[in-house]
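1. Would you be able to build a 3D model of this:
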Amino acid sequence: MSKIYQIYGQDAQEMTLRLLEAAEAFRLVPAGGSVALKPNLVIAATPESGATTHAGVLSGCIEYFREHGVSDISVIEGSWVGDGTMRAMRRAGYDEVCSHYDVPFFDLKKDETRPVKTAIGTIDICCRALDAGLLVDLPVLKGHGQTLMTCALKNLKGCLPDREKRHFHAMGLQKPIAALGAALKPRLIVVDSICGDLDFEEGGTPVQTNRMYLGTDAVQLDAYGRSLMGLNPEDVPYIEMCESFGGGKAEWSSEDITELNQPGASAAYPRPSGLVAGLTRHVHENQACSACYAALVRALYTSRCGEREEIYIGQGWQGKKLDGLGVGKCCQGAAECVMGCPPTAEKIAKKLENLQWS
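-> All right, here's what the predicted structure looks like:
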């Protein structure tokens, strides 16, 4: 199995640099080869909305690869059908990054395409994605209205012309996404999970996770992301489909994860919508780490358990007896506890579903 490097924080550029350095990502670039950075620009929205990749992820990648002698670096992307890529890139702040580093941005809606044989038939894929020496997938881990989550594999849909994107929807998304992932198969993925949206690809309900992670297997990273979001394999079947098509391995364990630091406590957690506030109405937070709190929010959303007893989370509860459910090792004094530092949303959701709430 491949390694997953993980880091916590809020500085997207610094976090990206540290991830790339830890993984020695420069070794993936073929001699004299180019690097194409493929962020998530599904719509014209700011990264803070939970919809798009932070500009600091791009600048971190550019600085890292330049420092390791790569001169041919570009940013490539095509926004979803109905929105303009260039408008989206300006809204996300990519125009400033590209101008500062003198790196070209290519709108894949205008790119030439080439037919590629896949497990479900021929798919037309943009040439700049196919011909990159190293395609770097820079997705946002977030919810999606149709597929429940989107991350590394679904982000590759931006490497298609609009006509092919429409065709994907006509085919039901799951198998086409899996087939594309196995055919394009990015060799480096940096996942932006700093504040991905809770349930919608357009953003608007961001959850502050303050986490990023890196790996070389898009299937594995999506399986890990699915667990972080509290979803089950049957909720996101395209991951295992892609594995069956030869796109990678979905299996992962805690032993595969290299932590570069530990999640830190935040003074406050944004409640950007009535949905999140409603989900956390029974939660008593006391010096909780952002990664732990975000996992709880996602678990509360996916478990749909109805009324709940009191839930405790945060370092401030260490060593205290608590009536209710504790989340994380800091709350092991609770009557029931989900252990972990932080526990995944999947683990919390299963505990919520198994408890008999009064």
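2. now the strands: where do they sit in the stretch 51-200 of the chain?
-> In the stretch 51-200 of the chain, the strands defined using DSSP state E, counting those that start in this stretch lie at 73-77, 105-107, 113-118, 121-126, 134-138, 142-144, 148-150, 188-193.
3. and those, which one is worst for confidence?
-> Comparing mean pLDDT across the strands of the stretch 51-200 of the chain, the weakest is strand 142-144, with a mean of 86.
4. Quick one: list the elements packing against that strand.
-> Counting contacts by 3 or more Cβ pairs under 8 Å, 6 or more residues apart in numbering; DSSP states H and E, strand 142-144 packs against strand 148-150. All C-beta spots, glycine's among them, are computed from the backbone N, C-alpha and C.
5. After the worst-scoring helix or strand of the chain on mean pLDDT, which helix or strand is next?
-> Least confident helix or strand of the chain, by mean pLDDT, DSSP states H and E, is helix 274-279 with a mean of 68. Per DSSP states H and E, the first helix or strand lying C-terminal to helix 274-279 is strand 283-285.
6. which residues touch stretch 145-157?
-> 38, 40, 129, 137-144, 165, 168, 173-174, 177-178, 180-181, 184, 186, 189, 191, 199-201, 218-219, 221-222, 225-226, 229, 231, 235-236, 238-239, 242, 247 (Cβ atoms under 8 Å, 6 or more residues apart in numbering).
7. Using PyMOL, define a selection of the buried residues within these.
-> What follows is the PyMOL syntax selecting those of the contacts of stretch 145-157 that are buried according to 16 or more other Cβ atoms under 10 Å:
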select buried, resi 38+40+129+137+138+139+140+141+142+143+144+165+168+173+174+177+178+180+181+184+186+189+191+199+201+218+219+221+222+225+226+229+231+236+238+239+242+247
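8. Sketch out the low-pLDDT regions of the protein for me.
-> Along the chain, segments meeting pLDDT under 70 span 1, 81-82, 200, 265-277, 289-291, 304-308, 356-358.
9. what residue lies at the spatial centre of it?
-> The centroid of the chain falls nearest to Leu141 when counting by Cα atoms, centre = their mean (2.2 Å).
10. Show me the helices in this protein, by range?
-> Ranges of helices within the chain are 12-23, 55-67, 85-91, 94-101, 127-130, 152-155, 162-170, 174-184, 218-228, 238-244, 274-279, 290-303, 345-354, based on DSSP state H.
11. could those go into a markdown table alongside distance to Ile257?
-> Listed next are the helices of the chain as a markdown table, based on distance: least, Cβ to Cβ, whole Å:
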| stretch | distance to Ile257 |
| --- | --- |
| helix 12-23 | 12 |
| helix 55-67 | 20 |
| helix 85-91 | 32 |
| helix 94-101 | 29 |
| helix 127-130 | 28 |
| helix 152-155 | 16 |
| helix 162-170 | 31 |
| helix 174-184 | 21 |
| helix 218-228 | 8 |
| helix 238-244 | 18 |
| helix 274-279 | 27 |
| helix 290-303 | 12 |
| helix 345-354 | 14 |
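12. Brilliant, that's me finished.
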